[in-house]
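**Student:** got a sequence here, can you model it:
(chains A and B)
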Amino acid sequence: MASGRLRRRWARNLLTVLAIMISFSMLLSLTSISLGLHRASEERLSDSPRDVVVSSLGLDPNIEDSHETALELKQSDDLGSVMPLLTVLGKLAFVEDGPSDLKVGDRIGINADTQTRTVGMVGVIPDMARDFMGDGNELFIRSDLLRFQGWFQEGGDPFYESNYTGNWTGELLLDNNLLDEYGFEIGDTIYQINGSGSISAIYIIVGGIDTSLVGSGLTAELIGGIAMVHLGELQYATENHEIVTPEGIRHDLATAYYIDIAPSRSSSIEKREVYLELEERFPGLEVTTKENRLYRIDEEVLVLEVFAISVAAASISIGVLFLSSIMIIDVEDRRTDISIMRAIGISRRTIFLQTVRDSLVLSGIGAVVGLIPGGIGASTLDHYLRDLYGVNIEFASFEPIVVLSSFIYLLILVLVFSLVPAIRATTILPRSGLSGFMNR
Amino acid sequence: MEIELQRVSKTYRMGETFVKALREVDLLIHGGEMISITGPSGSGKTTLLNIIGTLDRPDKGNILLEGVDITAYSESRLSDIRLKKFGFIFQQFYLLPTLTSFQNVYLPIKEANGYGSEGRRRATEMLEKVGMKHRLKHLPSQLSGGEQQRVAIARALVNDPPTILADEPTGELDSENSRMIIETLRELNRDLNKTVIIVTHDPEISRKTKKTIRMKDGKIVK
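**Tutor:** Residues are numbered from 1 along each chain as shown, chains lettered A, B, ... in the order given. A predicted model of the protein is given here:
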């Protein structure tokens, strides 16, 4: 019976279904994005094994004597693993079949056979980094998960250990995206160049890295990929081994320490004590715990989530308000029909439920049809954001929970907003639409 | 079913003026009677029928059904009375345009008894009785005036009410269909002992009823 009523004003009802479909698909898409962002950030951080990060304030490396301090920290009973880290932007030159006699200080001419790329360069002490790697040869740097194919032959940092004059290992692990892009392989030579275009370091590729970065987008344009080398060699190549400042000479610079607390200090109170000790130990540096970082990420993602959910809620509310308006018009149009029903004894309850049911049918059709564009919208936004940021993160989680919660939200809204037309329908008197009958 | 009106008055407001449609009307209708209500336009006959059928409430006076005063009943109780005690037949038929003949007839019995095969069987039976079984799935717009009125009669009878209220039931029909409808109402009164109350302008119809109430200026004059 409802279908007959709804078919009668098919154009109006079709537009109503379309409005619900569009707003519901927006709700689905944006809720998927919101959930996806939340999950991605939380999972990546919670999977990270690091308990504490001590990092420089600002972008420049500010941690001095990083090797010695790391070794010293490692002796502490409170701490398990410690790893100093230098992350800088560096420029790599990919020379195809280039002359093998190039050496540090030579200028590289940029031509068809030589291409340069800015990459995120990470300097580590391999043996210390090993302590932070799981069985799957994985390591989190910042919030990026790196998976290694191959590893450094030399576990220590011999060039540093001999006061930056020891054996230069030249070992480099390179982003697989870059290996694929330039057709380079393990064993090939690669050059790091400085701002004036001269070679500052020569490396041999010893392995590949799978990263979450993808080959396009803003991030990929700024950072073509990740390259990992020995800490001491990166310090030397980027002149972070010794910097002369007006305040004096600064040595052995790094950007962060990654620290795991010893398993024996596992209670939250003990951990808290260790954090406080580290804060005291590094007054000019930022000491953040996993909880801090999760909280901070939560806050950042929360802003995006609130924005996405607000837009989605506004969209679906407008759709449902449109539905409610149409239902009010429908009730007015059906005034005679409703008064006939009242006249022959149909109860207010039945008329109320009939109006609510009509609203539910229209919104239900709109929602079911909206599943398809909602899914497509979530997928499109996901691809767009991956491409925009150049990272291989699942931005949208189009899951049953998203669909279910969106349906429930829509249902609640429809039930609330259909009260107005439904109550209005019940106030129509049995005689009010039967004017011809009444007024003679 | 006995229906009694005690000193019933009703006034309508039409713009700035007030129209006294009924003036202290007393009326007693016994079960099984067939009555016509006649009178000039504006004499209050339709208002009287509305008040008898609980479609409207009196300003003053009381209405008693089977000796029970229902004047102050709530709207939902009056709705239930209309559903079970009265069958309405209107001049303009007033079938629901989006429902088929069957659905129009099924609607009141579904309201009274809920969904069920018995209700569907009863609705079909009523349509068969008025000669409309072959038009079960037709919409009102696909039926002639006479056919629509027959569906309306089936709807009025489906809950087996003791009283049928008909307001100018033949006003929109040709003479052949009018004759058929009046004959049906007479049969209902004669064979099933239904109380039938007809508002009409037509002296031919009033001659066919056992009792005629003539109204003028909101009062029963005969």
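
**Student:** C-alpha only now, for contacts and for neighbours.
**Tutor:** OK.

**Student:** where's the residue most central in space within chain B, which helix or strand?
**Tutor:** The C-alpha lying nearest the average C-alpha coordinate of chain B belongs to B:L165 (C-alpha atoms, centre = their mean; 2.1 Å). Using DSSP states H and E, B:L165 sits within strand B:163-167.

**Student:** distance between that strand and the chain's centre?
**Tutor:** How far strand B:163-167 lies from its chain's middle: 2 Å, per C-alpha atoms, centre = their mean, to the nearest Å.

**Student:** go on, stretch A:169-176?
**Tutor:** From the chain centre to the centre of stretch A:169-176 is a distance of 27 Å (C-alpha atoms, centre = their mean).

**Student:** list of residues touching that stretch?
**Tutor:** With C-alpha atoms under 8 Å, 6 or more residues apart in numbering or on different chains as the test, stretch A:169-176 has contacts from A:148, A:150-154, A:158-159, A:201-211, A:225-230, A:233.

**Student:** CA atoms of the strand holding B:L165 as CSV?
**Tutor:** Coordinates of the C-alpha atoms in strand B:163-167 are reproduced here as CSV (Å, rounded to 0.1, in the frame of the first residue of the first chain):
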residue,chain,number,x,y,z
THR,B,163,-25.5,1.2,11.1
ILE,B,164,-24.9,2.5,7.6
LEU,B,165,-24.7,6.3,7.2
ALA,B,166,-25.1,7.5,3.6
ASP,B,167,-24.8,11.1,2.6
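
**Student:** please tell me I have it right and B:L28 contacts B:I3.
**Tutor:** Yes - using C-alpha atoms under 8 Å, B:L28 is in contact with B:I3, at 5.9 Å.

**Student:** coming back round to it: and the strand holding B:L165, what does it pack against?
**Tutor:** On a contact count with 3 or more C-alpha pairs under 8 Å, 6 or more residues apart in numbering or on different chains; DSSP states H and E, strand B:163-167 meets helix B:45-52, strand B:86-89, strand B:195-199.

**Student:** tell me the buried residues in the helix or strand that the second one is followed by?
**Tutor:** Going down the chain from strand B:86-89, the next helix or strand is helix B:101-113, by DSSP H and E. By neighbour count on 16 or more other C-alpha atoms under 10 Å in any protein chain shown, the buried set for helix B:101-113 is B:101-112.

**Student:** A:D65 touches A:A256, doesn't it?
**Tutor:** No - using C-alpha under 8 Å, A:D65 makes no contact with A:A256, being 11.6 Å away.

**Student:** which one's more surrounded, the two?
**Tutor:** Neighbour count, other C-alpha atoms under 10 Å in any protein chain shown: between A:D65 and A:A256, A:A256 has more, with 24 against 15.

**Student:** got the phi and psi for that one?
**Tutor:** phi -160, psi 160 (degrees, to the nearest 10).

**Student:** A strand includes A:M128, no?
**Tutor:** No - secondary structure of A:M128, determined by DSSP: H, G, I helix; E, B strand; the rest coil: helix, with no strand assignment.

**Student:** ranges for the strands of chain B?
**Tutor:** Under the criterion DSSP state E, strands of chain B are mapped to B:3-14, B:17-29, B:34-38, B:60-65, B:68-69, B:86-89, B:163-167, B:195-199, B:211-216, B:219-220.

**Student:** could these go into JSON lines alongside distance to A:V416 and mean pLDDT?
**Tutor:** Conversion of these to JSON lines gives the following (distance: least, C-alpha to C-alpha, whole Å; pLDDT from 0 to 100):
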{"stretch": "strand B:3-14", "distance to A:V416": "36", "mean pLDDT": "92"}
{"stretch": "strand B:17-29", "distance to A:V416": "40", "mean pLDDT": "92"}
{"stretch": "strand B:34-38", "distance to A:V416": "47", "mean pLDDT": "95"}
{"stretch": "strand B:60-65", "distance to A:V416": "39", "mean pLDDT": "95"}
{"stretch": "strand B:68-69", "distance to A:V416": "39", "mean pLDDT": "96"}
{"stretch": "strand B:86-89", "distance to A:V416": "35", "mean pLDDT": "94"}
{"stretch": "strand B:163-167", "distance to A:V416": "39", "mean pLDDT": "95"}
{"stretch": "strand B:195-199", "distance to A:V416": "44", "mean pLDDT": "95"}
{"stretch": "strand B:211-216", "distance to A:V416": "49", "mean pLDDT": "94"}
{"stretch": "strand B:219-220", "distance to A:V416": "49", "mean pLDDT": "94"}
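
**Student:** now these in TSV, with distance to B:I182?
**Tutor:** Formatted as TSV, those follow (distance: least, C-alpha to C-alpha, whole Å):
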stretch	distance to B:I182
strand B:3-14	22
strand B:17-29	20
strand B:34-38	11
strand B:60-65	25
strand B:68-69	31
strand B:86-89	12
strand B:163-167	10
strand B:195-199	10
strand B:211-216	15
strand B:219-220	24
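
**Student:** you'd agree A:W151 is up against A:V206?
**Tutor:** Yes - if you go by C-alpha under 8 Å, A:W151 and A:V206 touch, sitting 6.7 Å apart.

**Student:** what count of nearby residues applies to the closest residue to chain A within chain B?
**Tutor:** Ranked by C-alpha to the nearest C-alpha, the top residue of chain B for proximity to chain A is B:L83, at 4.0 Å. When neighbours are counted by other C-alpha under 10 Å, B:L83 registers 27.

**Student:** check B:V221 too.
**Tutor:** B:V221: 10 neighbours (other C-alpha under 10 Å).

**Student:** again with B:E33
**Tutor:** Neighbourhood size, B:E33 [other C-alpha under 10 Å]: 20.

**Student:** quick one, what contacts it?
**Tutor:** So B:E33 contacts B:189, B:193-197, B:210-211 (C-alpha under 8 Å, 6+ apart).

**Student:** 10 Å instead, please
**Tutor:** Contact partners of B:E33, counting by C-alpha atoms under 10 Å, 6 or more residues apart in numbering or on different chains, are B:1-2, B:163, B:189-190, B:193-197, B:209-211.

**Student:** got the phi and psi for it?
**Tutor:** phi -80, psi 160.

**Student:** the strand holding B:L165 pairs with which strands?
**Tutor:** strand B:86-89 (parallel), strand B:195-199 (parallel) (DSSP bridges).

**Student:** tell me what angle the longest one forms with strand B:17-29.
**Tutor:** Yep, that's strand B:195-199 we're talking about. Relative orientation of strand B:195-199 versus strand B:17-29 (axes from the mean of the first three to the mean of the last three C-alpha atoms, to 10 degrees): 150 degrees.

**Student:** let me see the mean pLDDT of stretch A:160-169.
**Tutor:** Stretch A:160-169 shows a mean pLDDT of 91.

**Student:** so for that stretch, what gets flagged as buried?
**Tutor:** Quick answer for stretch A:160-169 (16+ other C-alpha under 10 Å): A:160, A:164, A:168-169.

**Student:** what's the answer for stretch A:194-201, then?
**Tutor:** Buried-residue list, stretch A:194-201, by 16+ other C-alpha under 10 Å: A:194, A:197-201.

**Student:** span of it from start to end?
**Tutor:** When the termini of stretch A:194-201 are compared using C-alpha to C-alpha, to the nearest Å, they are 9 Å apart.

**Student:** now it, how far from the centre of its chain.
**Tutor:** 34 Å.

**Student:** hang on, the earlier thing: joint contacts of B:L28 and B:I3?
**Tutor:** Common neighbours of B:L28 and B:I3 (C-alpha under 10 Å, 6+ apart) are B:L64.
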